[in-house]
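Asker: This is a predicted model, with the sequence first.
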Amino acid sequence: MVLALVLATLAGLATSIGGLMATHKKVRERKWLAVSLAFAAGAMLMVSFAEMLPVGVESLAATMDHRTAQIWAYVAFFGGVALVLIIDRLLPKSLNPSEVEGREDKLSKSEKVNNRRLIRSGLLVALVLALHNFPEGMSTFIATYQDPALGLTLAFAIAIHNIPEGIAVAAPIYAATKSRKKAFWWSTISGLTEPLGALVALALISTVLPESLFGILYGLVAGMMVFVAIDEMLPAARRYMTNTHQIVYGTIAGMVIVSLSLVML
């Protein structure tokens, strides 16, 4: 049981590694930032369509026929899209102006707008990934509790694809604020829900939870991740680079890395 909690925590904290990578000195280069944002978007899209949505359908299919399970998973998916759209509209346009204070006088109007957009993107990604990591923490705990070898493999694979997720959070925040501490802190927070999910699994280990609940949750989070990747990450990458081919390459690279991590599951 202790091993299960430790593995879930370590897997979640892998987002911190991504946070550290995003604050590398090359992030000051517009090209690097654009590619890293595209990479993160590709990772999020792949996780959503290749892992979260299929698992959601599978979980729902345990309590209903497959066609109905698909319908409910897709309803949850678009519900997630709608939820992030609402959150995005509710966020103030001048989100966290203190994040860039002290630099405003040195920035042009367009740079100020870009900084605010980047901060919004980073915080939205942090929110969505925090929700995404919660069920992963529960999965890691339950798998390790039932079979330590399986849990170790699962935790390692999750940690691998949590690294680009950490980059997705930290890169835009660091680019806007130039604060390694803020970028690292937010990327770490997004991963802390993983051990939280493990603790919830521990508390409910003797309770039989309906598979349909997990199915709806996976579909919901998949929709949220896809919306953020398309509406926030890719447009942000495009603003920092006119060469769309490089953005496409970065997106595909993110998909490849996540694909490799999923193959290891």
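Answerer: Received, thanks. Numbers count the residues shown, from 1 in each chain.

Asker: So what's the gap between stretch 190-208 and the chain middle?
Answerer: Distance of stretch 190-208 from the chain centroid (CA atoms, centre = their mean, to the nearest Å) equals 18 Å.

Asker: nope, stretch 163-181 is what I was after
Answerer: Distance of stretch 163-181 from the chain centroid (CA atoms, centre = their mean) equals 13 Å.

Asker: tell me the contacts of residue 253?
Answerer: 39, 42 (CB atoms under 8 Å, 6 or more residues apart in numbering). C-beta here means a position set from N, CA and C on the backbone, and glycine is covered the same way.

Asker: again with residue 17
Answerer: 162-163, 166.

Asker: any idea how far it is from residue 246?
Answerer: Counting by CB to CB, to the nearest Å, the gap from residue 17 to residue 246 is 24 Å.

Asker: thinking again about what came up before, and the contacts of residue 17, which is closest to residue 50?
Answerer: For those, the closest approach to residue 50 (CB to CB) belongs to residue 162, at 15.6 Å.

Asker: I figured that closest one was touching residue 12, is that so?
Answerer: Yes: when contacts are counted by CB atoms under 8 Å, residue 162 is listed as touching residue 12 (6.9 Å).

Asker: got any residues that touch both of those two?
Answerer: 133, 191, 194.

Asker: Helices of the protein, start to end?
Answerer: 2-22, 30-47, 53-61, 66-90, 109-146, 148-177, 180-203, 211-228, 234-240, 244-263 (DSSP state H).

Asker: Could you check the angle the last one makes with helix 148-177?
Answerer: The reference is to helix 244-263. 160 degrees (axes from the mean of the first three to the mean of the last three CA atoms, to 10 degrees).

Asker: Let me know the average pLDDT across helix 244-263.
Answerer: The pLDDT scores in helix 244-263 average 87.

Asker: do the second one as well
Answerer: Taken as a whole, helix 30-47 has an average pLDDT of 80.

Asker: and the angle for it with helix 244-263?
Answerer: 40 degrees.

Asker: Give the buried residues for helix 30-47.
Answerer: Within helix 30-47, the residues that qualify as buried by neighbour count (16 or more other CB atoms under 10 Å) are 32-47.

Asker: For it, name the packing helices and strands.
Answerer: helix 109-146, helix 148-177, helix 211-228, helix 234-240, helix 244-263 (3 or more CB pairs under 8 Å, 6 or more residues apart in numbering; DSSP states H and E).

Asker: closest to residue 21 out of these?
Answerer: In terms of CB to CB, the element of the helices and strands packed on helix 30-47 nearest to residue 21 is helix 148-177, at 5.8 Å.

Asker: other SSEs contacting the closest one?
Answerer: Against helix 148-177 (3+ CB pairs under 8 Å, 6+ apart) you get helix 2-22, helix 30-47, helix 109-146, helix 180-203, helix 244-263.
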